[in-house]
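In: whatever this is, show me its structure:
(one chain, ligands or ions: 1)
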Amino acid sequence: MSLIPDELIEQVRDAADLVGVIGEHVELKRTGADYRGPCPFHGGTHRNFAVIPKKGMYYCFVCHEAGDVFTFFMKKLGLDYPTAVREVARRVGITIPERGPAGPDPREPLFQAVSAAHDWFQRQLRESPEGTIARDYLTSRHIDAETAGVLGLGFGPRGKAFQEAMKQLGVKDELLLDAGLLVKRDDGSIIPRFRERVLFPILDLRGRVVAFGGRVLGDGEPKYLNSPETPIFHKGQMLYNLHAARASMRKAERAVLVEGYFDTIRLSLAGIEEVVAPLGTGLTSDQAELLKRHTEHVILLYDSDEAGLRATFRAADELLHHGLRVSVATLPDGEDPDTLVQQQGGAALERVLRDAIDVFDRKLQILERRGMLGTLPGRRRALDRLLPTIRAARDPITRELYLARAAEAAHVRKDVLEREAGIQGGSGIRDLGLGKTPTNPQSPIPNPPTNAERALLLVLFAGDPWRTRVLESVSPDMIEFPAYREIFEAVRRDDPSGLDRAAAGIYEQLAAEKLGNREPGEMLEDALNKITARGLDRRIEAVDRAMSVAGPDEQRALIVKKQQLTAERNAKVPTYKIAARRKGAPGS
Ligand SMILES: [Zn+2]
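Out: Got it, this is the predicted structure:
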């Protein structure tokens, strides 16, 4: 639609030196991370005009002018948008192809109407007597007037004031209907869409306001109301705050996905700028694709209640499907980002994000806590929950690991699971020589890469003294999954260069994974116990086989033997009891 491709505009904006450009017109002085000077728009003499390089924007605390480097040129030099982009591009040395034959963007009047409405909504929040309810509400959410100004928040009052103000500005009702800011009732009367709501502006990638999200004040329904789909707003293809967040996403090499406007604002104010939210719906495929353009890793920070978890895993599947790495951060019980920051400061949020774990681990953790991995029907249901995530994972190494871990947790053979997951011909990794693990012909269960082996390696990667302790207490033959054993040996000889491609991929994944709040000593002990228990399990199975062909006297001895082994094994891993009973049952 536009003459200059969005990607190019983004490139120009990223390359532009906002402080340098504005500094040619305003005398700026550094204050902390920002720059301050007298406002060139209202002609102030005090330093009320802020340039915020981190957000790529400027803002005046007196006249509330705000924008990015392009807006600055447009407003200061009276240029139109494409000319402003070309001017900045010229300065940073980026060539923009000449204009084509197409005319101006036919949606321009809509952008202008929404922009005029935004200015007016912001003024209502700052000044109008009816706006008191909104100001009080924001205060209760710990957002002061200055912050609300920087964020561009607004207030939509009841009554005719909005229409009258727009009429005076010459903005036609028709245009406001198209923009979704007015609605026509069945009786033909026209009223504002946003009545007695706090308004969050939704910006496109060019930094233009295209829509609003409205939070009700008081008891009305619905709690959140968004602009409808319009020619300039497609909610499934945009993310709240992406305009401001994407530069930080590239720097932080991650995106944080939250559920709503307030969470986004809270994280952003706490210095975590790489935060975005879907717009009032579940995460769409287009939105996942959009994230993929800016990052490889997404951390989901949703509510931990039942609905929040469902939304978390739905979003995670969508992201996995686009080949992204997905982690889940979990807030302490009963906290939301808001309360956490109020009580423990912004650093507490960063800690929560640092402790994020892979989405599959999170799923297993929840199923385990619900006791679903301990019983046969439970394991069946658990698999039904795990399969969508396995199917969603598009990255072959990730999928291979998920398959192996699900097989282990549910005591199912991996090839059976692979079939059930509908992954034909393996997952690609097989071609790299890793898919088939050597199976012990004596054992009905092949040896998948286990959680325990993986945990061992994670502790190995946790640095000394843990590295030394793992190397001292583990011998390579205890590790059965070939890629894990290779990695273990590579670390032991301090040289990962000999790893093949697939093992190297797993190596990197393990090295990048943080232990979070898991304690390495406990992890190591737990892993060693499980690996010892695995060995004992095999011996118990051997006793079972012997028992089926033994005479009565022999059988009594074998029963004693089995009791000893079982006790020993259960001492290592008590949770194995139920599985053990099933395996040990006659006829199994
Ligand atoms: Zn000003």
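In: within range of the ion, give me the residues from the chain.
Out: Residues of the chain lying close to the ion by C-beta under 5 Å from the ion are 39, 41-42, 60, 62-63. Heads up, the C-betas are built off the backbone N, CA and C, glycines and all.
In: return the subset of those lying in strands.
Out: Cys60 (DSSP state E).
In: buried subset of the residues of the chain next to the ion?
Out: Neighbour-count burial (16 or more other C-beta atoms under 10 Å) applied to these gives 39, 41, 60.
In: let me know the closest of those to Arg158.
Out: Among these, Cys60 lies closest to Arg158 (C-beta to C-beta), at 29.4 Å.
In: tell me the pLDDT of the closest one.
Out: Per-residue confidence (pLDDT) for Cys60: 92.
In: which residues does it contact?
Out: 39, 41-42, 44, 48-50, 66 (C-beta atoms under 8 Å, 6 or more residues apart in numbering).
In: could you find the closest non-adjacent residue to it?
Out: Of all residues not flanking Cys60 in the chain, Cys39 sits nearest, at 4.4 Å (C-beta to C-beta, 6 or more residues apart in numbering).
In: that neighbour and Glu65 touch, don't they?
Out: Yes. Using C-beta atoms under 8 Å, Cys39 is in contact with Glu65, at 7.0 Å.
In: tell me which residue of the stretch 351-500 of the chain lies closest to the ion.
Out: Scanning the stretch 351-500 of the chain for the residue nearest the ion gives Leu353, at 35.7 Å (criterion: C-beta to the ion).
In: then the one helix or strand that residue maps to to CSV, C-alphas only?
Out: Take DSSP states H and E as the rule and Leu353 turns out to sit in helix 346-354. Written as CSV, here are the backbone C-alpha positions of helix 346-354 (Å, rounded to 0.1, in the frame of the first residue of the first chain):
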residue,chain,number,x,y,z
GLY,A,346,11.7,-4.0,38.9
ALA,A,347,14.6,-6.4,39.6
ALA,A,348,12.1,-9.0,40.8
LEU,A,349,10.5,-9.1,37.4
GLU,A,350,13.9,-9.6,35.7
ARG,A,351,14.5,-12.5,38.1
VAL,A,352,11.1,-14.1,37.1
LEU,A,353,12.1,-13.8,33.5
ARG,A,354,15.6,-15.2,34.1
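In: what is the longest helix anywhere in the chain packed up against?
Out: Counting residues, the longest helix found in the chain (DSSP state H) is helix 520-548. Contacts defined by 3 or more C-beta pairs under 8 Å, 6 or more residues apart in numbering; DSSP states H and E place helix 520-548 against helix 451-460, helix 466-473, helix 552-572, helix 577-584.
In: need the contacts of Cys60 in CSV (columns: distance to Thr389).
Out: Output for the contacts of Cys60, formatted as CSV (distance: C-beta to C-beta, whole Å):
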residue, distance to Thr389
Cys39, 52
Phe41, 51
His42, 54
Gly44, 55
Asn48, 51
Phe49, 49
Ala50, 44
Ala66, 42
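In: where does the residue in the stretch 451-588 of the chain that the ion sits nearest to land in three-state SS?
Out: Nearest residue of the stretch 451-588 of the chain to the ion (C-beta to the ion) works out as Lys514 at 44.5 Å. Secondary structure, DSSP: H, G, I helix; E, B strand; the rest coil: Lys514 is coil.
In: any weak-confidence spans in the protein?
Out: 1-3, 99-103, 423-450, 573-588 (pLDDT under 70).
In: ok, Arg36 touching Leu28?
Out: Yes. Look at Arg36 against Leu28 with C-beta under 8 Å: they come within range, at 6.8 Å.
In: what touches both of these two?
Out: Val51.
In: which of the contacts of Cys60 sit farthest apart?
Out: Spatial extent of the contacts of Cys60 (C-beta to C-beta) is set by the pair Gly44 and Ala66 at 14.7 Å.
In: so between these two, which is more surrounded?
Out: Ala66 (19 against 16; other C-beta atoms under 10 Å).
In: of all of the stretch 101-250 of the chain, which residue lies closest to the ion?
Out: Gly149 (11.0 Å).
In: check contacts around that residue.
Out: So, once contact is read as C-beta under 8 Å, 6+ apart, Gly149 ends up touching 59, 61, 64, 66, 122, 126.
In: leaving out chain neighbours, which residue sits closest to Phe233?
Out: Ala211 (4.0 Å).
In: give me the number of residues near that neighbour?
Out: 26.
In: ok, now Glu519?
Out: 11.
In: is it true that Pro53 touches Val21?
Out: No. Pro53 lies out of contact with Val21 (C-beta under 8 Å); the separation is 11.1 Å.
In: between those two, which one's more packed in?
Out: More crowded of Pro53 and Val21, by other C-beta under 10 Å: Val21, with 20 against 14.
In: quick check: which element contains the nearest residue to Gly213 once chain neighbours are set aside?
Out: Excluding the flanking residues, the one nearest Gly213 by C-beta to C-beta, 6+ apart is Phe200, at 4.4 Å. Secondary structure from DSSP H and E places Phe200 in strand 197-203.
In: so what strands line up beside that strand?
Out: strand 154-156 (antiparallel), strand 209-216 (antiparallel) (DSSP bridges).
In: pick the most deeply packed of the ones you listed.
Out: Ranked by mean neighbour count, those are led by strand 154-156 with a mean of 28 (mean count of other C-beta atoms under 10 Å).
In: residues contacting the next helix or strand after it, please?
Out: Remark: after strand 154-156, the chain's next helix or strand is helix 161-168, criterion DSSP H and E. Contact with helix 161-168 is made by 113, 116-117, 120, 124, 128, 156, 173, 176, 181-182, 190, 192, as judged by C-beta under 8 Å, 6+ apart.
In: can you tell me the closest non-neighbouring residue to whichever residue of the stretch 301-450 of the chain sits closest to the ion?
Out: Closest residue of the stretch 301-450 of the chain to the ion, C-beta to the ion: Gly346 (28.7 Å). Using C-beta to C-beta, 6+ apart and skipping the chain neighbours, the partner closest in space to Gly346 is Ala270 (3.3 Å).
In: how near is that neighbour to Tyr59?
Out: 19 Å (C-beta to C-beta, to the nearest Å).
In: likewise Val412?
Out: 57 Å.
In: same check on Ala503?
Out: 51 Å.
In: contact partners for Gln112?
Out: Contacts of Gln112 by C-beta under 8 Å, 6+ apart are Val171.
In: and it, that one's in a helix?
Out: Yes. Looking at Gln112 with three-state DSSP, it is inside a helix.
In: count the neighbours of the residue of the stretch 301-450 of the chain closest to the ion for me.
Out: 16.
In: before we move on, what about Leu349?
Out: Leu349 has 23 nearby residues by other C-beta under 10 Å.
In: skipping its backbone neighbours, what lies nearest it in space?
Out: Ala270 (5.2 Å).
In: number of residues surrounding that neighbour?
Out: Ala270 has 18 neighbouring residues, counting by other C-beta under 10 Å.
In: any idea how far it lies from Ala211?
Out: Ala270 is 25 Å from Ala211, by C-beta to C-beta.
In: cool, Glu453 as well?
Out: 50 Å.
In: now swap in Gln122 and tell me
Out: 15 Å.
In: picking up where we left off before, next, count neighbours for the residue of the stretch 351-500 of the chain closest to the ion.
Out: Neighbours around Leu353, by other C-beta under 10 Å: 19.
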